[in-house]
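Enquirer: Give me a model of this one.
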Amino acid sequence: MNIVILRGNLTREPELKYTPGGVSVCDVGLAVNERFKNKAGEVTEKVLFVDVTVWGKQAESLAQFMGKGSPVIVEGSLRLDQWETELKEKRQKITVRANRVEFLHRSPGKPEPTDADAPANDADDVRF
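Expert: Now for the predicted structure:
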């Protein structure tokens, strides 16, 4: 089973792009904080940075209503991106392909979402 649920804040402004076929795609960075007690009993915090790709209506809504620092919940699956550099070195990175994004708060300076902004079907489910 490949299911990931993350809660965090966007680390940069959403980058909305379109495929040659006209499908919208948005790449964002997500900072996920983890708090735990170390061996000395002190509360410690670690931050995990995750690259997330959002498709379709969700991508458009994310770019329109969310900005750097916006808190979101992402439900999706892990993907392994592989490529080769110009020097023929093999590289790989694990990313998250979002199936659903829930906006926890509107980003300052962005418009307030309305019911009309919600997607029409479950495949592009975005919650405000």
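
Enquirer: Using the three-state scheme, assign the residue of the chain most remote from its centre.
Expert: The centre of the chain is farthest from one residue, Ala40, which by C-alpha atoms, centre = their mean lies 33.9 Å away. Look at Ala40: counting by DSSP: H, G, I helix; E, B strand; the rest coil, its state is coil.

Enquirer: Next up, the contacts around the one residue sitting closest to the centre of the chain.
Expert: Residue closest to the mean C-alpha point of the chain, counted by C-alpha atoms, centre = their mean, is Val52 at 4.0 Å. By C-beta atoms under 8 Å, 6 or more residues apart in numbering, the residues touching Val52 are 6, 27-30, 74, 76, 95-98. Where C-beta positions appear, they are placed from N, C-alpha and C, glycine not excepted.

Enquirer: Of the residues you listed, which belong to strands?
Expert: When these are checked against strands (DSSP state E), the matches are 6, 27-30, 74, 76, 95-98.

Enquirer: pLDDT added to those residues, as TSV?
Expert: Output for those, formatted as TSV (pLDDT from 0 to 100):
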residue	pLDDT
Leu6	97
Asp27	95
Val28	96
Gly29	96
Leu30	97
Val74	96
Gly76	97
Thr95	95
Val96	97
Arg97	97
Ala98	96
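
Enquirer: Need the buried ones from these selected in ChimeraX.
Expert: Remark: buried members of the ones in strands among the contacts of Val52, expressed as a ChimeraX selection using 16 or more other C-beta atoms under 10 Å:
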select :6,28,29,30,74,76,95,96,98
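
Enquirer: Good, wrapping up.
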